[in-house]
Each structure stands twice: as C-alpha cells, then as structure tokens.
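Visitor: here are the coordinates; sequence isn't available:
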C-alpha cells in the first residue's frame, strides 16, 4: 500500500517508515495545510497519517481509493467523520498514548493556579518579596473540584487531585452509572460550575461542545474560581473567559490548548496576569511521542492485515 503523511511537526519520520516498511508499505510525505493540498498529495494513496490537515468531504469525494485515515492524537475534529462514514472510509486515532502525561499536566496547572505560582514568580523577579502580592489563596480542602468529562484522562485527573479537595463533582453524559467512579458526585453541567471553585475540562471537540464554556457557565462559579483546559481549545469561548477574568469571577485560568494555535501575538490572554498558557504540551513526553507515532502507523498495518485498525472511530468498508 501507499501511505501519505499529510503533515507533521516531527523532524524525522523514520519511526513511521520503519513500522510501515516492515509490512511492505510505502511512505510518502507532504506538507498539507488545506483540503486542496491533501487532494493533490493524496492521488493514488490507500491510507493517510494526519496531524492537523483538514480531511473534508471534498477530500473523500476526490480520492475514492482512500480507505483509511489515522490521526496522530485522540481528537478527530480535523476529519469530517460523517463524510468518511458516507464514503466508507475508516477513521482511527490513538486514544491511550498520553493519558498519564495529560492528567499530570492538568493537575500541575490546577495546583499552579491554586498557589498562584506564576504570580509569585513574577513578583519575585520584579524585586518584590511579599507573599501578600500574590493575592488571597484558599485551602483546597475547603473547595469543590468539578470535572467535565470522565474518560481516561478526566478520571485520572480527578483521582490524582481529589485528595486535596473537599469534594469532587463530575459531568459526563456518556458514562453509564455502572462505570461512574466511586466517591465523585454525578451532577448536570450547570451544577458543576455552580458548585465548583475549580473546573477542569476533558471533552472532545464536537458541534455540541464547541464554545461550550463561556461567560454563561463561568458566571455560575463562586467568585475567585479557576478553570483548566488541557483538552481541545475550541471548548472555551475566549471572550467569555476574558470577561470572567476581568470581573473577578475567575481568579485564574490555565490553558494548554487554544482555538487558534499559536494564538495571535497581540491576543489579550497572552499578557493577562491571571492567565497561564502552555503550548499544547500536555500530551508530550519522549515516551508518549514514540507511542503515539508507532500506534498511529500500526493502525494502518493492522487494517491492511486484518481489515480493521486497532482504534476505530468510524468503521469503513
């Protein structure tokens, strides 16, 4: 088979090439940014490895020989999954490669907000040695943590952070009661924000969740609360987030993901004193990167050998 890597941030694709070559598949590489780029580069390919390139309905219609799209990562929002289904194309991901890393990063951001580490560091570097300058800090055991989405990462984040908090409440409409983690109270989405002084997001980006968290939900939180997002940037309405920071409803927000990455250099979040931004790094460790790349390529090998990829999101023909 012929396999196209549509786009990648990796300096070398020797790992993927090795996995595919061991099964006698050919790897070709492009630098696609648009659907038109993908169509041009995808002529004659059987499968694709995709990072950020948009895989639209037009791609599937223009490339009828395409059988599978494997995405580097958990989210598949860059792929029109309904169009894939209509055209009989398999879509797969790697859902389990960085669970520990993302949960660790979410907890790290949460604790950094609770202790205002960035604010204290800024004051010390400016020559001010005074613990009052970081603002009022609350004892976590007096606070409730809210977790939105209790899949692998959300659940691990909640389990790791729970001992510091007085209570944990969660929302996940797709998790059955029998699988709900013991010790976490199940509530609806508005109640998560009403009751929680800190909320961490662990949801996929879909039409239903895009812009889900804005001022309407944030204004329900107790004054001086915190928001953490390590999942998908499009979940949060940044205008609503800035309003909540300015009003004092939020004492801090920590975001590893943004709707546009990298953000415009003049975006107000980048200079806001109560915003902590990291560069979509939560997933990363040297080991997680190797696992991600190997499993994304292995999806293709398994599909070619057995007719089914390891991690199917959409079933194809």
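Guide: Arrived safely, thanks for sending. Note that the structure is predicted; figures quoted are calculated from it, not measured.
Visitor: which residues does the spatially closest residue to residue 188 that is not a sequence neighbour contact?
Guide: Once flanking residues are discounted, residue 188 sits nearest to residue 171: 6.4 Å by Cβ to Cβ, 6 or more residues apart in numbering. Placement of C-beta: from N, CA and C, glycine included. Neighbour list for residue 171: 146-149, 186-189, 191-192 [criterion: Cβ atoms under 8 Å, 6 or more residues apart in numbering].
Visitor: Could you do residue 201 as well?
Guide: 148-149, 213, 227-231, 235-236.
Visitor: Kindly recompute the last result at 10 Å.
Guide: By Cβ atoms under 10 Å, 6 or more residues apart in numbering, residue 201 lies in contact with 106, 146-149, 154, 157, 209, 212-213, 227-232, 235-236, 255, 257.
Visitor: Now tell me what touches the helix or strand encompassing residue 39 from outside.
Guide: Using DSSP states H and E, residue 39 falls within helix 35-41. Residues external to helix 35-41 that are found in contact with it (Cβ under 10 Å, 6+ apart): 4-7, 28-32, 34, 42, 45, 48, 50, 53-63, 66, 69, 80.
Visitor: I would like a ChimeraX command selecting only the buried ones among the residues you listed, please.
Guide: Those of the contacts of helix 35-41 that count as buried under 16 or more other Cβ atoms under 10 Å are selected in ChimeraX with:
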select :4,5,6,7,30,32,42,45,48,50,53,54,55,56,59,60,62,63,66,69,80
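Visitor: Strands - which of the contacts of residue 201 land there?
Guide: Of the contacts of residue 201, the ones assigned to strands by DSSP state E are 146-148, 227-229, 255.
Visitor: Export these as JSON lines, with columns for pLDDT.
Guide: Compiled in JSON lines, these are given as follows (pLDDT from 0 to 100):
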{"residue": "146", "pLDDT": "98"}
{"residue": "147", "pLDDT": "98"}
{"residue": "148", "pLDDT": "98"}
{"residue": "227", "pLDDT": "98"}
{"residue": "228", "pLDDT": "98"}
{"residue": "229", "pLDDT": "98"}
{"residue": "255", "pLDDT": "98"}
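Visitor: which residues sit in contact with the nearest residue to residue 272 once chain neighbours are set aside?
Guide: Excluding its sequence neighbours, the residue lying closest to residue 272 (Cβ to Cβ, 6+ apart) is residue 245, at 6.1 Å. Residue 245 makes contact with 218, 227, 251-253, 268-269, 272-275, according to Cβ under 10 Å, 6+ apart.
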